[in-house]
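Chemist: return a 3D structure for these sequence lines:
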Amino acid sequence: MISIVICALCGAIYSSWTSQQSKESSLRELNNRLVEKVPCVYAVNDVPEGDIVNAEDVEERAVLFSKMPQDALTSRNLCIGRVCHHALFAGQIVSQHDFGTNCGAYPPIRSHRKSPAVSHK
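Modeler: Numbers count the residues shown, from 1 in each chain. Purely as a prediction, here's the structure:
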């Protein structure tokens, strides 16, 4: 009877220890992720509302994951050729919000800034 109690106690202690080790491992992974640098798109030039974003208007910079806004774009390709629904200012982080609700779903068909939209009729 005593051996059963000892085995149960040892099992509970081991389970608690492995659970703690798992939590510490997860916490280490989270801390590593927060100090990891990830790409983030910044505006280099001012782009007025309604204009198209050109390649020279944006650049990718490495920023800490913990400092990057949740809706920030991580690739220039997601905004080049898109029409701004909100003006972009030099130095700001470019986000999905700047291009309306359908960011990336159906980019407008335009070749460069100030050109009219191509119509497919």
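Chemist: all contacts plus neighbour counts: C-alpha atoms, from now on.
Modeler: Will do.
Chemist: right, and residue 81 touches residue 52 too?
Modeler: Yes. Under the criterion of CA atoms under 8 Å, residue 81 makes contact with residue 52 at 5.6 Å.
Chemist: more neighbours: which of the two?
Modeler: More crowded of residue 81 and residue 52, by other CA atoms under 10 Å: residue 52, with 23 against 20.
Chemist: now the more buried one: closest residue in space that isn't a chain neighbour?
Modeler: residue 83 (4.4 Å; CA to CA, 6 or more residues apart in numbering).
Chemist: need the pLDDT of the one you found.
Modeler: Confidence at residue 83, expressed as pLDDT, is 91.
Chemist: same question for residue 50.
Modeler: 89.
Chemist: same thing with residue 111?
Modeler: 45.
Chemist: residue ranges of each domain in this protein, please.
Modeler: Domain assignment for the chain, taken from automatic domain parsing, gives 1-34, 35-99.
Chemist: so residue 57 is in contact with residue 48, correct?
Modeler: No. Applying CA under 8 Å, one finds residue 57 not in contact with residue 48, separated by 11.2 Å.
Chemist: if I pick the closest residue in space to residue 85 that isn't next to it in sequence, what's in contact with it?
Modeler: Closest residue to residue 85 apart from its sequence neighbours, by CA to CA, 6+ apart: residue 99 at 5.0 Å. Contact analysis of residue 99 by CA atoms under 8 Å, 6 or more residues apart in numbering lists 82-86.
Chemist: try residue 58
Modeler: For residue 58, the contact set (CA under 8 Å, 6+ apart) comprises 41-45, 76, 80.
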